[in-house]
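1. quick one: sequence plus predicted model below, questions after.
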Amino acid sequence: MQADQLRVNEIFYSVQGESLSMGRPCVFVRLTGCNLRCTYCDTGYAYTQGRFMDIAQILSQVGTYGVDLVEITGGEPLMQPGTPALAEALLAKGFEVMIETNGTYSIDMVPNVCTRIMDIKCPASGESRKTDFDNLNRLKKNDQVKFVICDRKDYDYARHILRHYWSGRPPVPVLISPAAGRLTPATAAAWILEDRLDVRLHLQLHKILWPNEQRGI
């Protein structure tokens, strides 16, 4: 693979479903490869499937959709050395760039001007021990933190992290997202309200709009 190439699983146009930009039209660049195997993963096809594309080719395809918001996702996008260069190239073209990461790689490798969505894995994922918690010290004001929770143990884990790392208000927005089919939103909402957590209940919008689709829409 050349320095200006990335392995791309898919590029597609849809609505943003898992951030504070939920509902906005967005182009997704899903990169191939992931270092985790979460129990609830719905993008296992991105572990190995993909084709090599130059950054110029990616920019060209992204530009055909006519929208300003682009999310680089995976898999785990920070596994690929070319991801920072792709983010820089998109920014240079005037795109608003979001990067969704599982929190196991330093988020400092991508430009701070990007919105970095750090997913902190909870116990039910089977991968909670791999989080790089130093990333919590690397967060900037335009970043976001997300917990996908499957049960009460996951919720308690998220609550512990929030109270252990930040004694007051979290420095960035925190999203609590009940895993579709594993935990009802009403149950998660009740726990949040009971504890008066300074978080946002967040639903997986794409799961609501397209519950039977396995790939990008």
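-> Perfect, thanks for sending it. Residues are numbered from 1 along each chain as shown.
2. contact partners of the top helix by length along the chain?
-> Longest helix of the chain, by residue count under DSSP state H: helix 152-165. Helix 152-165 has contacts (C-beta atoms under 8 Å, 6 or more residues apart in numbering) with 120, 122-124, 128, 133, 136, 147-149, 170, 174, 176, 183, 188, 191, 195, 197-199. Using the backbone N, CA and C atoms, a C-beta is placed for each residue, glycine as well.
3. so who does the residue nearest to the spatial centre of the chain touch?
-> For the chain, the residue nearest the mean C-alpha position is residue 100 (2.8 Å; C-alpha atoms, centre = their mean). With contact set as C-beta under 8 Å, 6+ apart, residue 100 has these partners: 18, 19, 71, 72, 73, 74, 77, 117, 119.
4. which among these gets closest to residue 91?
-> residue 72 (11.2 Å; C-beta to C-beta).
5. can you pull the contacts of that closest one?
-> Taking C-beta under 8 Å, 6+ apart as the test, what residue 72 contacts is 29, 31, 83, 86, 87, 90, 97, 98, 99, 100.
6. residue 200: neighbouring residues, count only.
-> 15 (other C-beta atoms under 10 Å).
7. tell me the confidence at it?
-> At residue 200, the pLDDT value in this model is 95.
8. can you give me the buried ones in stretch 116-132?
-> Buried residues in stretch 116-132, counting neighbours by 16 or more other C-beta atoms under 10 Å, are found at 116-125, 127, 131-132.
9. which residues sit against it?
-> Contacts for stretch 116-132 (C-beta under 8 Å, 6+ apart): 18-19, 35-40, 98-107, 110, 135-136, 139-140, 143-151, 153-154, 157-158, 161, 179, 182.
10. measure the residue of the chain most remote from its centre to residue 7 for me?
-> What lies farthest from the middle of the chain is residue 194; by C-alpha atoms, centre = their mean that is 26.9 Å. Residue 194 sits 44 Å away from residue 7, going by C-beta to C-beta, to the nearest Å.
11. ok, residue 125 next?
-> 24 Å.
12. with residue 167 instead?
-> 42 Å.
13. in the chain, which strand is the longest?
-> Using DSSP state E, we find that the single longest strand of the chain is strand 5-15.
14. buried set for that one?
-> Quick answer for strand 5-15 (16+ other C-beta under 10 Å): 5, 6, 7, 8, 9, 10, 11, 14, 15.
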